[in-house]
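*Asks:* what's the 3D shape of this:
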Amino acid sequence: MFKQVKGFLALTAMLAVPLGLANAAASAIPGTLNYVEGQVSIAGQPLTPQSIGSVQLEPNQVLETGQGRAELLLTPGVFLRLGDNGAVRLISPNLGDTRVELLQGRAIVEVTEIFKDSNLSVMLDGASARLDKPGLYSFDATARLVQVFDGEANVQANDHQVNLKKDRQLALAEPFKATHFDAQAAATQNPLYTWSNLRSEYEAEASMQSARTVFVGGGSYWDGPGWYWNPYWDMYGFIPGDGIWYSPFGWPFYSPWLVYSAPRYGYGFHGYGHHGAGFVAGARHVSAGAMASRGAGFGGIGGGFAGHGFASGMHGGFGGGGRR
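*Replies:* Numbers count the residues shown, from 1 in each chain. All right, here's what the predicted structure looks like:
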């Protein structure tokens, strides 16, 4: 019921397009707090929902959770989510060199977009994992474990360097050798994974709404790809520069120009290839030109409200689209 009501309000707000929606464009920096629930603090100071969007971790500050969870923004399109009884330190907030350290508990990093020259790294127990591709990465400080659900990471541990790709994991102990893991089983056993999937869905809906606002506003709110504050969702949404970028969970992030060229794509996206535990490994980016060239492959897309978030017209699939 909550999702139905929130989806309806978001759709109504999207169509109304108030003028103040996207004027906080690209103001979030790595370390910006984007969501909290339960017991969350920075440097011992409790955080509340009113802290969202206005609180930023400073270098060497630690974000901690008790019975609670938190979401931090890193570079545009990258979300770090911290589970119960966790702690993460921000080492470097620079866009070209973004580094965090997991001190306690579990964290999941969702990478929807990453730029070629970015240095995005997660430290864990003396090791450094550089995230090189869009994907989904899990870190467990208790088990001293790095897992790649999708994407690619290079882990430097002591004198060892290990490349991890999809469905591979590394225990930070001798012999420092990558092993295969059952990603779907691991996902179902990790509550933080399920919560991250839900957060990713909300992020995509907020992003779509903001992208449509930029389009209807004639581009006057556009400040390039990045984070855009959405007051209806009380969080930042990621807007890419062109086409559609998919999260590792399969949720789409729309650019304003895609909404401009094909407004009907701005109405809902449920059914984007979810399977099993929920994650999707496939094409990360579809440009507006590529979409237009596919013609009838997008015939299943429909507008309208379906009583669950937004319309479910996309269940027809993408024809020859680049999913697998």
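
*Asks:* The helix or strand hosting Q67 pairs with which strands, and in what direction?
*Replies:* Assigned by DSSP states H and E, Q67 belongs to strand 62-73. Sheet pairing for strand 62-73, assigned by DSSP bridges, gives strand 32-42 (antiparallel), strand 78-82 (antiparallel), strand 87-94 (antiparallel).

*Asks:* could you redo those strands as a markdown table and give each row mean pLDDT?
*Replies:* Listed next are the strands paired with strand 62-73 as a markdown table, based on pLDDT from 0 to 100:
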| stretch | mean pLDDT |
| --- | --- |
| strand 32-42 | 97 |
| strand 78-82 | 98 |
| strand 87-94 | 96 |
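
*Asks:* Tell me which of the ones you listed is the most buried.
*Replies:* Each of the strands paired with strand 62-73 was scored by mean neighbour count; the highest is strand 78-82, a mean of 24, by mean count of other Cβ atoms under 10 Å. (Glycine included, C-beta is placed from N, CA and C.)

*Asks:* now it, how far from the centre of its chain.
*Replies:* 7 Å (Cα atoms, centre = their mean, to the nearest Å).

*Asks:* Identify each buried residue in the strand or helix carrying E205, please.
*Replies:* Remark: E205 resides in helix 191-216, with elements defined by DSSP H and E. Neighbour-count burial for helix 191-216, with 16 or more other Cβ atoms under 10 Å as criterion, is recorded at 192-193, 195-197, 199-216.

*Asks:* my read is T98 is in a strand, agree?
*Replies:* Yes: applying DSSP: H, G, I helix; E, B strand; the rest coil, one finds T98 inside a strand.

*Asks:* Can you give me every residue that contacts it?
*Replies:* 30, 74-75, 78, 92, 118-121 (Cβ atoms under 8 Å, 6 or more residues apart in numbering).

*Asks:* Could you dump these into CSV and include distance to T65?
*Replies:* Listed next are the contacts of T98 as CSV, based on distance: Cβ to Cβ, whole Å:
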residue, distance to T65
P30, 19
L74, 17
T75, 22
V78, 19
S92, 22
S118, 26
N119, 26
L120, 22
S121, 21
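
*Asks:* Sort the residues you listed by pLDDT and name the bottom one.
*Replies:* Ranked by pLDDT, the contacts of T98 bottom out at S118, which has 87.

*Asks:* Now tell me what touches the strand holding Q67 from outside.
*Replies:* By Cβ under 8 Å, 6+ apart, strand 62-73 touches 28-43, 47, 57, 79-90, 100, 103-105, 192, 195, 199, 227, 236.

*Asks:* So what's the gap between it and the chain middle?
*Replies:* Centre-to-centre, strand 62-73 and its host chain are 16 Å apart (Cα atoms, centre = their mean).

*Asks:* That one versus helix 191-216: what angle between them?
*Replies:* 40 degrees (axes from the mean of the first three to the mean of the last three Cα atoms, to 10 degrees).

*Asks:* List the buried residues of strand 62-73.
*Replies:* 62-65, 68-73.

*Asks:* could those residues go into a markdown table alongside pLDDT and distance to A185?
*Replies:* Output for the buried residues of strand 62-73, formatted as a markdown table (pLDDT from 0 to 100; distance: Cβ to Cβ, whole Å):
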| residue | pLDDT | distance to A185 |
| --- | --- | --- |
| V62 | 97 | 32 |
| L63 | 98 | 29 |
| E64 | 98 | 29 |
| T65 | 98 | 25 |
| G68 | 97 | 26 |
| R69 | 98 | 22 |
| A70 | 98 | 26 |
| E71 | 98 | 25 |
| L72 | 97 | 27 |
| L73 | 97 | 30 |
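
*Asks:* Give me the helix or strand of the protein that scores worst on average pLDDT.
*Replies:* helix 2-16 (a mean of 39; mean pLDDT, DSSP states H and E).

*Asks:* quick one on the thing from earlier: quick check: what element follows the helix holding E205 along the chain?
*Replies:* Going down the chain from helix 191-216, the next helix or strand is strand 226-230, by DSSP H and E.

*Asks:* ok, that following strand: who's next to it in the sheet?
*Replies:* Strand pairing for strand 226-230, determined by DSSP bridges: strand 235-239 (antiparallel).

*Asks:* CA atoms only for the strand it pairs with - export them in PDB, please.
*Replies:* In PDB, the C-alpha atoms belonging to strand 235-239 read as follows (Å, rounded to 0.1, in the frame of the first residue of the first chain):
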ATOM      1  CA  MET A 235      17.000  12.100  -1.700                       C
ATOM      2  CA  TYR A 236      19.300  12.700  -4.600                       C
ATOM      3  CA  GLY A 237      18.600  10.800  -7.900                       C
ATOM      4  CA  PHE A 238      21.300  10.100 -10.500                       C
ATOM      5  CA  ILE A 239      20.700  11.400 -14.000                       C
END
